[in-house]
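Trainee: Give me a 3D structure for the following:
(chains A, B, C and D)
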There are 2 protein chains.
Amino acid sequence: MNKSISDVIEEFIKSSLDVDDFIELSRNDLARFFSCVPSQINYVLNTRFTINRGFLVESQRGGSGYIKVSRLHDSDSNFLNNALQITNKPISLNEAGQLLDQMKERGLISEREQALIKSTISTKALNNPINIDNNLRGNILTQIIIELMKRGR
Amino acid sequence: MNKSISDVIEEFIKSSLDVDDFIELSRNDLARFFSCVPSQINYVLNTRFTINRGFLVESQRGGSGYIKVSRLHDSDSNFLNNALQITNKPISLNEAGQLLDQMKERGLISEREQALIKSTISTKALNNPINIDNNLRGNILTQIIIELMKRGR
DNA sequence: TTGTGATTTGACTTTCTTTGACCTTTCCTA
DNA sequence: TAGGAAAGGTCAAAGAAAGTCAAATCACAA
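Mentor: I've put the predicted structure just below:
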């Protein structure tokens, strides 16, 4: 296969992640190194290093800015990935409750956290035009899960 | 018999598959090579390299796109894995039918089971807002395949 | 000879990648 | 403390493949 520049950059980043669990890189340097425009780096990051594929990308702008790419660790990240698939779509209060139960069961959140989150996605909290609720519930849970992934427990 | 250009292309691909288990080719190059229109390659692929006949075709569009053809003379679990790749995406009634044929051919399901499953994914069963059908079909097949994998035959 | 299914062709569509112009955030220094 | 420099971000246009679909043609059997 004729590898695209994006593919090559992807490989480069991935092989760096084989050494360490995360890397920090400079968008401009990397672009210079691969003789491409800086926004190509964003393209690669956005298409290949998504949460769904088990990666987390964080960055900071400005002087001494950086891009940090980390690999999310397995078992839990697997579970969370599945969870993401679910919260991606509208989700009922009931389903959400079950999901949170499981998360607690696994020790991904404490009982106290579980209660807090539940109140967050309760019907009362989402006092909204009907039918959009489930959507919103999914969104909120998605954010929470991403946060959990970040912390890596 | 007077060989058609399609036959020639078919032979060419098959003989490449004698060397390796799969080949990657460029639709445009191949078309140029055989002095035909690019969509002729699709024709050959669609008519001769179906799951049904034991081949798997994958492809990517866009810059550095490709077409990959592989031969499936492998173990069942491998077969099911490939099948999963297919049912992962929306799948037409026709393709689904071919897939089930193969599964029966390989003894992965009985004739009775095949019939039952077919009725399950028939257009009638999925009497739904158009266009969602293929999606749903994929989902159902995915579940069935997973179930099969679980049971280990 | 004619009807039918297989093949060939090409116009149009969709998807993925590359590029560049312009925007926003952060840090540092005069 | 304001302003400039040094990051990184966004978005849309252009480019590069592959996919679809249906009309036209071909080949063969009845």
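Trainee: my read is A:N42 is in a helix, agree?
Mentor: Yes - using DSSP: H, G, I helix; E, B strand; the rest coil, the assignment for A:N42 is a helix.
Trainee: What's the local residue count around it?
Mentor: Neighbour count of A:N42, defined by other C-beta atoms under 10 Å in any protein chain shown: 15. The C-beta positions use only the backbone N, C-alpha and C, and glycine is treated the same way.
Trainee: where's it relative to B:R61, distance?
Mentor: Computed as C-beta to C-beta, to the nearest Å, the A:N42 to B:R61 distance reads 21 Å.
Trainee: can you check A:R53 too?
Mentor: For A:R53, the distance to B:R61 (C-beta to C-beta) stands at 20 Å.
Trainee: For the two, work out which one has more neighbours and name it.
Mentor: Neighbour totals were compared for A:R53 and B:R61, and A:R53 leads with 11 against 7 (other C-beta under 10 Å).
Trainee: Buried residues, the helix or strand where A:E24 lies. List them.
Mentor: A:E24 belongs to strand A:22-25 when assigned by DSSP states H and E. Going by neighbour count (16 or more other C-beta atoms under 10 Å in any protein chain shown), the buried part of strand A:22-25 is A:23, A:25.
Trainee: for stretch A:9-29, same thing?
Mentor: Neighbour counts over stretch A:9-29 (16+ other C-beta under 10 Å) mark A:9-10, A:12-13, A:17, A:23, A:25, A:27 as buried.
Trainee: Show the pLDDT at A:L116.
Mentor: Looking at A:L116, its pLDDT reads 63.
Trainee: Low-confidence ranges, chain A, go.
Mentor: Where chain A drops to pLDDT under 70, the residues are A:52, A:73-78, A:87-93, A:105-106, A:110-153.
Trainee: Dihedrals phi and psi, the residue in it that DNA strand C sits nearest to?
Mentor: Of all residues in chain A, A:G62 sits closest to DNA strand C, at 2.1 Å by C-beta to the nearest atom of the strand. Main-chain dihedrals, A:G62, degrees, to the nearest 10: phi 70, psi -180.
Trainee: on contacts alone, who are the packing partners of whichever strand or helix holds A:D101?
Mentor: Element membership of A:D101, judged by DSSP H and E, is helix A:93-105. Judged by 3 or more C-beta pairs under 8 Å, 6 or more residues apart in numbering or on different chains; DSSP states H and E, helix A:93-105 is in contact with helix A:74-87, helix A:111-120, helix A:133-151.
Trainee: quick one: contacts for A:A31?
Mentor: Residues touching A:A31, when contacts are defined by C-beta atoms under 8 Å, 6 or more residues apart in numbering or on different chains, comprise A:37-38, A:40-41.
Trainee: now swap in A:S70 and tell me
Mentor: So A:S70 contacts A:17, A:21-23, A:55-58 (C-beta under 8 Å, 6+ apart).
Trainee: Around DNA strand C, which positions in chain A sit nearby?
Mentor: Proximity of chain A to DNA strand C (C-beta under 7 Å from any atom of the strand) is limited to residues A:4-7, A:36-37, A:39-40, A:43, A:47, A:60-65.
Trainee: that older thread, output the contacts of A:S70 as CSV; include the columns distance to A:G107.
Mentor: Below are these laid out as CSV (distance: C-beta to C-beta, whole Å):
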residue, distance to A:G107
A:L17, 26
A:D21, 21
A:F22, 23
A:I23, 28
A:F55, 23
A:L56, 20
A:V57, 26
A:E58, 24
